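> Provided below are the primary sequence and the corresponding predicted coordinates.
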Amino acid sequence: MDVRVEIVREADPELVKALGQLLPQLSATAEALDHEAVDRLVKCDANNVFVARTPEAIVGCLTLVLSPLPSGLRGRIEDVVVDGAARGRGIAGLLTQEALRLAHEAGARTVDLTSRPDREAANRLYERLGFQARQSRVYRFPIGQ
């Protein structure tokens, strides 16, 4: 499969449509993004939105957030999703490796991500790429619920 990974900096109808198809595969509660929301997402200085593109379509995405903190520049990978029809072809690995390359070039000290335990293939991929499970708890405060 011919796949190219790139960072997107402009919202266009193709990206809006692709995110509309990919996000429900990631989260049943993710709300659809309109053009304005996608534009804000890709133009945010902290965000690096990667897409995996075949000659026919965008088949995956990943967001790398780079945050300058008192402890140093830190990276966080969020919203990794590959279209169900394209899974098992190494696309998530390509996206993640490109994000790690950019984080390294930017001088990030670490890159974190979270993954549910039931996402066994994803967890195997992250471990294969060198991510190490941490003994930590993730806390979430639901704003506005």
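Thanks, I have the structure now.

> pretty sure E98 contacts R4?
No: because the distance of 10.2 Å does not satisfy Cβ atoms under 8 Å, E98 is recorded as not touching R4. Where C-beta positions appear, they are placed from N, C-alpha and C, glycine not excepted.

> The most centrally placed residue in the chain - nearest residue in space that isn't next to it in sequence?
For the chain, the residue sitting closest to the mean C-alpha position, by Cα atoms, centre = their mean, is L62 at 2.0 Å. Leaving aside its sequence neighbours, L62 sits nearest to L95 (Cβ to Cβ, 6 or more residues apart in numbering; 4.2 Å).

> helices and strands around the strand or helix carrying that neighbour, which ones?
Assigned by DSSP states H and E, L95 belongs to helix 91-106. If you count contacts as 3 or more Cβ pairs under 8 Å, 6 or more residues apart in numbering; DSSP states H and E, helix 91-106 packs onto strand 4-8, strand 47-53, strand 58-69, strand 72-82, strand 110-112, helix 120-128.

> Note down every partner strand of the first one and its orientation.
Read that as strand 4-8. Strand pairing for strand 4-8, determined by DSSP bridges: strand 47-53 (antiparallel).
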